[in-house]
Each structure stands twice: as C-alpha cells, then as structure tokens.
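Trainee: Compute the structure for the input listed below.
(one chain, ligands or ions: 1)
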Amino acid sequence: MQLIYQSYSSVKFDTNQILSIVHNYSYDMYKETADWLLERTKIRPKVAIICGSGLGGLAEVLDDKTDFPYSDIPHFPTSTAPGHAGQLVFGRLEDHECVCMKGRFHFYEGYSMHKQGVYGMQSGPAFETIAECEVLHRLGADAIGMSTAPEVVVARHCGLRVFAMSLITNILVRDYDSNEKANEEEVLESTALRTKDLQTFIRNFITKI
Ligand SMILES: O=P(O)(O)O[C@@H]1C[C@H](O)[C@@H](CO)O1
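Mentor: Residues are numbered from 1 along each chain as shown. Here you go, the predicted structure:
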C-alpha cells in the first residue's frame, strides 16, 4: 500500500502542492520532464534498470540506444557518486523496450528515502484527536483512515492479491493552537475534485493487470 503524503501541517494543500512538498517537484515539472523525453525517443520502456557504481556498462548491451545526459533533461537531478556517469539510456534488450539509469541518487546526496507510506487505521466514526494523531505519527503512520485495513486483512487471509489506494483528502491537525479540524465536508470536496483522476487511474490500472 503506497501513500504519497508524508508530512503534516495545518495549511490546506492540493495534490500538486503535496507532491512538491514531498519531492520538491510539482506535477507540471514531472510532466515537463516526461514530455521532453517522450518527444526524443520512440522507446516506451516496460523495464527500468538502475545501474549502480561502475555498472553503467550494463546499458551498453542495449540495441538502438539513445543517451540523455541527466544535465540536459529538464528538472532531472545530477549524479555525483564516483562511477555514476549521469545518463539515461533508452533502448531494446532482447526486444524488450528498456531504460537504464547510468547513475543513481543516494540518500547521502540529499535525496529522500521514498519509503512506502504507512496507513494508520482508527475505528472512527469520530476523527482522531490531536493526541491520537500524535501517537499514530510517532508509531510511523503517514496517513490515517477508518477503513481499508480490515478488508486487506481478510482478503490476504483468503489468499487474494490486494492493491489498495487511498486518496489523501485532508491534512491531519497536530497543533493544539490550530483552528483547522478534519471534517466530512472537506473529505467529500477533495474526493469530488479527484473523481476523474481516480476513474482514469483505475481504468488504466485494470488494463494492466
Ligand atoms: O470508506 P472511507 O475510508 O473512504 O471513509 C472515510 C472514513 C469516514 O467514513 C469518512 C470520513 O469523512 O471517510
């Protein structure tokens, strides 16, 4: 189960703002990067390979290669580690369309860990108190909901493979001085704003199962 939101505040954010807080990039910036690459290669990779220290040679085995130095790609970070060339290489391997990263980005270079989100479930129907939020946060929760966990537990018990997705609809309040309060209206407003995106996402997802 992956959740994108890992930080809390009493300010309201939309998804673009949340993305930019987590990764310092907005949706538009990611799109600009993707569009730039898509315009310059016909390869549409199903496989992505990250080549670590000195292993950039893996990319050499690709056929019909196109190389892009990281520094040419809009909004792309640069590699600084020894033996990391800093190139994105698109091509074919055994007829599979692939992309190789000749150089990766490490935590010690200032990049985040991209850990999976942790969904903290509380029973509801009342929204959690500030103290409950604080406890769940300290236990490692990134988001809180009142559902999902029971269904996933039962489904896994039955041997089903599960994909769960949570739409983060509101900021959790952890500040006693805040005037903000989680409420159902905000939850429904946020979901209404994202209905189309969710429809598109699930439609695409289903075709790939
Ligand atoms: O079924 P979900 O998890 O979407 O429902 C959440 C929990 C409450 O019923 C409601 C909060 O407004 O949304």
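
Trainee: C-alpha from now on. contacts and neighbour counts both.
Mentor: Noted.

Trainee: burial of the closest residue to the ligand within the chain, as a residue count?
Mentor: Nearest residue of the chain to the ligand, counting by Cα to the nearest ligand atom: Glu184, 3.8 Å away. In terms of burial, Glu184 registers 12 neighbours under the definition other Cα atoms under 10 Å.

Trainee: State the mean pLDDT of the helix or strand hosting Glu189.
Mentor: Assessed by DSSP states H and E, Glu189 sits inside helix 184-208. Over the span of helix 184-208, the pLDDT mean works out to 89.

Trainee: immediately after the least confident helix or strand in the chain by mean pLDDT, which helix or strand?
Mentor: Between all helices and strands in the chain, the lowest mean by mean pLDDT, DSSP states H and E belongs to helix 15-23, at a mean of 46. For helix 15-23, the succeeding helix or strand toward the C-terminus, using DSSP H and E, is helix 27-40.

Trainee: Enumerate the residues of the chain near the ligand.
Mentor: Gly145, Met146, Ser147, Glu184, Val187 (Cα under 6 Å from any ligand atom).

Trainee: Leaving out sequence neighbours, find the closest residue to the third one.
Mentor: The reference is to Ser147. Met121 (6.6 Å; Cα to Cα, 6 or more residues apart in numbering).

Trainee: Residues in a beta bridge with that neighbour, which ones?
Mentor: The partner list for Met121 in beta bridges (DSSP bridges) reads Gly145.

Trainee: And it, how close does it get to Pro150?
Mentor: Summarising the geometry, the distance separating Met121 from Pro150, computed by Cα to Cα, to the nearest Å, is 9 Å.

Trainee: Mind splitting the chain into its structural domains?
Mentor: Under the assignment named as the TED database, the residue ranges that make up the domains of the chain are 28-102, 119-194.

Trainee: closest one to Phe201 among these?
Mentor: Taking Cα to Cα as the measure, these were each checked against Phe201, and domain 119-194 came out nearest at 10.5 Å.

Trainee: picking that back up, list the buried residues of the helix holding Glu189.
Mentor: Taking 16 or more other Cα atoms under 10 Å as the neighbour-count basis, helix 184-208 is seen to contain the buried residues Ser190, Thr191.
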